[in-house]
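Engineer: Sequence and predicted structure, then a few things I'm wondering about:
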Amino acid sequence: MGIDTQSGSSGRRGRALTAMVSALLAGSLVLGGCSAADTAATATESTSTSVAATAATASAAGTDATTTAATITDSTAAAEAFLATLTDEQREQVLYSYDDETKTISWSNFPVTFVDRAGVNLDDLTEEQKTAALAVLDALLDDDAYATVTGIMGGDEYLHENSSSTEDSLGQYYIAFFGDPSDTSAWEIQFGGHHLGINATLDGAADAITFAPTHLGVQPAEYTTADGTTVEPFDGIYTDAFAFYDSLTDEQKATLYQGESTAAMVCAPGSTCSFPTGTGISGADLTDEQRQLLLNLIANWAGMADEQTTDAQLAEIEATLDTTYVDWSGATTYDTSQGDGISFQISGPTVYVEFAAQLGSAGADVAGVTTSGWGHVHTIYRDPTNDYAGSATQQEATGGVGGGGGAPGGAAPGGTPPAGAPGGN
């Protein structure tokens, strides 16, 4: 079976970025329901709430790369342009050696107050520097992935302004490079904050890009921008997931289904993993159409760059699809007003995806807004054969890592985040 990234009920490649960009360009997110404490935001907080809008602005130039080589070239040029805006001290913060093991523990699904991120905080940059940093992300990601990421960032900022959470790190994002940006040798872009952790390795010599491992999360399920636009960052993923689920026969669903959804993640960011297999339904038991729908779902993580890169990643996954297993828990209908959401796991020789509904808001409550279950999700994408493009082995995080630039990452004071920590597992 050939790979067709255009097919599937959701048409992932066809979803538009226009609404997301125009909504975020409208300015600050709606602040209805803010407490007095929220309204009295500090200057730093005000800066952080503009990041999603800045990200949308950064996409104005955009890229339309369709090949791996073009994406690498564009991303390298954007990274060099960003570095040129920095002071020597800031460059030191951003740049690490390519094989520095800091990259394996400097991203997380916990807030930045619990797990230190590598690189520079966008809050500490000028508007020019911030725009240049986000232009790197825009050069790397295709329109759909950029819209998802922008929506995730906007959601965190919405919570910071509107929710009851006291977590000050919501809306803070960091960028770091492992290795010097180059279109002829390997280097990595690491970008993220609380509900986002992108690790993209670009290798011009091998003409390859991988996003393994990467964390995408969401909270809330949807929110409203200043111009009244409703943003649903994970609508595309949910749509692809249910397109696959709904394609199954009753007998297949009985094999797939594992019961009620749980918030636990087996291979959470910052942890080593044995990549469990054999639970649920295997790719060998799917029709060609169902296999394609499964690949469309996986593309939300493995296919975040250009078409050639996506095709190459999905071809590798398809080659071992017969021994790739999928299981499913929780809701069986895409209706965010019912139940506690869904959880699923896709586990095979060359792909591992976990999608885990968090059965709590972690204190980030907003009246009338879904901030748990459907509206609070942590996901992880890993490649058991090629995490970090083989440049480093995943280390077990202990709750914090050293910051500072190209120096080897040492453990900073701090322990494992408590179970009740905001946004934790």
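Structural biologist: Thanks, I have it.

Engineer: Relative to Val94, how far out is Asn121?
Structural biologist: Distance, Asn121 to Val94, using Cβ to Cβ, to the nearest Å: 11 Å. (Each C-beta comes from the backbone N, C-alpha and C, glycine too.)

Engineer: Which one's more surrounded, the two?
Structural biologist: Val94 (22 against 19; other Cβ atoms under 10 Å).

Engineer: Confirm that Gly236 lies within a helix, as I assumed.
Structural biologist: Yes - Gly236 forms part of a helix when assessed by DSSP: H, G, I helix; E, B strand; the rest coil.

Engineer: Can you give me the neighbour number for it?
Structural biologist: When neighbours are defined as other Cβ under 10 Å, Gly236 has 20 of them.

Engineer: How about the one 5 residues further on?
Structural biologist: Other residues within reach of Ala241 by the criterion other Cβ under 10 Å amount to 22.

Engineer: Isn't it up against Ile346?
Structural biologist: No - if you go by Cβ atoms under 8 Å, Ala241 and Ile346 don't touch, sitting 10.1 Å apart.

Engineer: Low-confidence stretches in the stretch 51-200 of the chain?
Structural biologist: Applying pLDDT under 70 to the stretch 51-200 of the chain picks out residues 52-53, 55-63.

Engineer: Any regions of the stretch 251-400 of the chain where pLDDT drops low?
Structural biologist: Applying pLDDT under 70 to the stretch 251-400 of the chain flags residues 261-263, 398-400.

Engineer: What distance do you get for Gln338 to Gly330?
Structural biologist: Distance from Gln338 to Gly330, counting by Cβ to Cβ: 10 Å.

Engineer: and Thr272, how many residues sit next to it?
Structural biologist: Neighbours of Thr272 under the rule other Cβ under 10 Å: 12.

Engineer: Enumerate every residue touching it.
Structural biologist: By Cβ atoms under 8 Å, 6 or more residues apart in numbering, the residues touching Thr272 are Gln394, Gln395, Glu396.

Engineer: So the closest residue in space to the last one that isn't next to it in sequence: helix, strand or coil?
Structural biologist: Spatial nearest neighbour of Glu396, excluding adjacent residues (Cβ to Cβ, 6 or more residues apart in numbering): Thr272 at 5.5 Å. In three-state terms, and counting by three-state DSSP, Thr272 is coil.

Engineer: what's Thr272 sitting at in phi/psi?
Structural biologist: phi -80, psi 170 (degrees, to the nearest 10).

Engineer: need the strands for the stretch 301-425 of the chain, in chain order.
Structural biologist: Listed in chain order, the strands of the stretch 301-425 of the chain (DSSP state E, counting those that start in this stretch) span 325-330, 342-347, 352-358, 373-382.

Engineer: what ranges do the helices span in this structure?
Structural biologist: Applying DSSP state H to the chain gives helices spanning 18-25, 36-39, 43-48, 51-58, 68-84, 88-94, 127-140, 143-162, 235-246, 250-256, 288-302, 307-319.

Engineer: Quick one: closest of the ones you listed to Gly217.
Structural biologist: Nearest of the helices of the chain to Gly217, taken as Cβ to Cβ: helix 143-162 at 6.7 Å.

Engineer: From what I see, Leu196 and Pro233 are in contact.
Structural biologist: No - counting by Cβ under 8 Å, Leu196 stays clear of Pro233, with 10.1 Å between them.

Engineer: neighbours of the closest residue to Leu159 other than its chain neighbours, just the number please.
Structural biologist: The shortest distance from Leu159 to any non-neighbouring residue, by Cβ to Cβ, 6+ apart, is to Ala364 (4.7 Å). Neighbour count of Ala364, defined by other Cβ under 10 Å: 28.

Engineer: ok now do Ile189, which residues does it touch?
Structural biologist: With contacts defined as Cβ under 8 Å, 6+ apart, Ile189 is in contact with Ser75, Ala79, Val136, Leu137, Leu140, Ile175, Ala176, Phe177, Ile198, Asn199, Ala200, Leu202.
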